[in-house]
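Participant: coords please:
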Amino acid sequence: MRRPWLLLVALALGGIAGWAWLSPGGLRLDVDPRSREVVLLLPGEARGRRTAEAVIKALAEFATPGRRAGLRTELARLPGGDDEALALGFTPEGAATLRSAAPPRPDEGKTLPGLARTQLRGVPHGYLVMHAEPAQGLLAAAARRRWLGGALIEAGAAAESATIAVGETDDGAFLVATVAFAYRTGDEAEAALRRLTEKSGDFEALGFAARPGAERLSRQSRRVVIRFDIETDLVLRALPRG
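Facilitator: Next up, the predicted model:
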């Protein structure tokens, strides 16, 4: 049986055009500066979205096993007002801190890159963006829970960072997510894209078709960007609800 995360994929690769060129400045978040994975949550956008509760609670997978249940409960409450953004950080030890995204003092916190914020704006009703640098922790969790196919895990292994932005269509029928891998060089990005393209149509491995011109965009931006449109019902069946 094909994994729900890989069943229905409509993809844009290498450049959600202009994504790599028109980015805002980075946003400094009030989280532990040692955090390898940082998350920006928008409770106002999340409210009323069919996928939001399950997706946000799934962030607990990045905490230590003993902390996951408590963090899952904390995330389910979606603290914060409609206009208040929340920040979540995970340290190398798996400790998690959830608090207001109000900027900390200049010598504290952790910066969410401007491109990650642009990526969040690139999905409809974007309510969550996670940036991982290095990418290994995010990939390990994605592999353990089988959220991404093996080909994507392999392609991301050489990336310096990974960013996932999540939103939902107006009618709630689809979760929309983009996964971006950033590489040291354009050659590495193009090579990763080439390996992924070889898996085109193999739903178990990836399930996508690259758009023309993606190689050029990947070489220029040193990034590979993949867009998934996944049926909401499949997402809800794939993610734990408790």
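
Participant: CA atoms for contacts and neighbours, from now on please.
Facilitator: OK.

Participant: so which residues of the protein form strands?
Facilitator: Here the chain has its strands, by DSSP state E, at 27-29, 37-41, 86-90, 96-100, 110-112, 128-132, 161-168, 174-182, 223-231.

Participant: the most centrally placed residue in the chain and Thr185: what is the separation?
Facilitator: The residue lying closest to the centre of the chain (Cα atoms, centre = their mean) is Ile164, at 1.3 Å. Separation of Ile164 from Thr185 (Cα to Cα, to the nearest Å): 20 Å.

Participant: shaky segments in the protein?
Facilitator: The chain contains residues with pLDDT under 70 at 1-24, 78-82, 200-217, 220, 240-242.

Participant: residue contacts, Ala116?
Facilitator: 129-131, 163, 165 (Cα atoms under 8 Å, 6 or more residues apart in numbering).

Participant: should've said Ala135
Facilitator: 156-157, 159-162.

Participant: ok, now Leu139?
Facilitator: So Leu139 contacts 153, 156-157 (Cα under 8 Å, 6+ apart).

Participant: redo these as TSV? Include distance to Pro43 and neighbour count.
Facilitator: Shown next, in TSV, are the contacts of Leu139 (distance: Cα to Cα, whole Å; neighbours: other Cα atoms under 10 Å):
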residue	distance to Pro43	neighbour count
Ile153	29	21
Gly156	29	24
Ala157	31	18
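
Participant: format the residues you listed as CSV; extra columns: distance to Ala58.
Facilitator: Formatted as CSV, these follow (distance: Cα to Cα, whole Å):
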residue, distance to Ala58
Ile153, 18
Gly156, 20
Ala157, 22
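
Participant: residues near Arg67, how many?
Facilitator: Neighbourhood size, Arg67 [other Cα atoms under 10 Å]: 15.

Participant: same check, this time on Ile226
Facilitator: Neighbours around Ile226, by other Cα under 10 Å: 23.
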